[in-house]
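**Q** sequence first, predicted model second:
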Amino acid sequence: MEMGLNNKTALVTGSTKGIGKAIAKELAKEGVNVLINGRNYEEAERTVQEIKSEFPLTSPQNAAADIVDAQQREALFSKYPRVDMLVNTQRHRDCIRMQLVFQFQLV
């Protein structure tokens, strides 16, 4: 199904494994440039390379950070100032607070 998402950018939290990784791959299949997020840089990079290999017309990026941590979150926003979509798959007690922060900072 064509969803009209080609060349959009999506930050998918918790996307180095599990449901987050599956969502990131499905978005890449639709032409979305996914920002792969997790706390481990190497895991995020492996996922980026995997998606680049499977969907070479997209530009996945390593967005490794603990987004609940304010300093790391701000660094992530500085590095990637334009995000069209947020898909939150991270399970954490601070996720509701984090989602409120994202709502005000997404383009």
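**A** Looks like it came in fine.

**Q** distance of the nearest residue to residue 79 once chain neighbours are set aside from residue 82?
**A** Sequence neighbours aside, residue 63 is the residue nearest to residue 79 in space, at 7.4 Å (criterion: C-beta to C-beta, 6 or more residues apart in numbering). To be clear about C-beta, it is placed using only N, CA and C from the backbone, and glycine gets the same treatment. For residue 63, the distance to residue 82 (C-beta to C-beta, to the nearest Å) stands at 13 Å.

**Q** what about those two, which has more around it?
**A** residue 63 (22 against 8; other C-beta atoms under 10 Å).

**Q** and the more buried one, what does it touch?
**A** Listed by C-beta atoms under 8 Å, 6 or more residues apart in numbering, the contact set of residue 63 reads 11, 35-37, 44, 76, 79-80.

**Q** list only those of these flagged as buried.
**A** Neighbour-count burial (16 or more other C-beta atoms under 10 Å) applied to these gives 11, 35-37, 44, 76.

**Q** next step: these restricted to strands.
**A** In strands, judged by DSSP state E, the following of those are found: 11, 35-36.

**Q** any chance of JSON lines for those, columns distance to residue 48 and pLDDT?
**A** Conversion of those to JSON lines gives the following (distance: C-beta to C-beta, whole Å; pLDDT from 0 to 100):
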{"residue": "11", "distance to residue 48": "13", "pLDDT": "94"}
{"residue": "35", "distance to residue 48": "9", "pLDDT": "97"}
{"residue": "36", "distance to residue 48": "5", "pLDDT": "97"}
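
**Q** nearest to residue 19, of those?
**A** residue 36 (13.7 Å; C-beta to C-beta).

**Q** where do the strands sit along this protein?
**A** Using DSSP E, strands in the chain cover 9-12, 33-36, 61-62, 85-87.

**Q** ok, residues contacting the second one?
**A** Judged by C-beta under 8 Å, 6+ apart, the contacts made with strand 33-36 from elsewhere in the structure are 7-12, 15-16, 24, 27-28, 44, 47-48, 51, 58-64, 80, 83.

**Q** partner strands of it, with direction?
**A** strand 9-12 (parallel), strand 61-62 (parallel) (DSSP bridges).

**Q** what's the most buried one of the ones you listed?
**A** By mean neighbour count, with neighbours taken as mean count of other C-beta atoms under 10 Å, strand 9-12 ranks first of the strands paired with strand 33-36 at a mean of 24.
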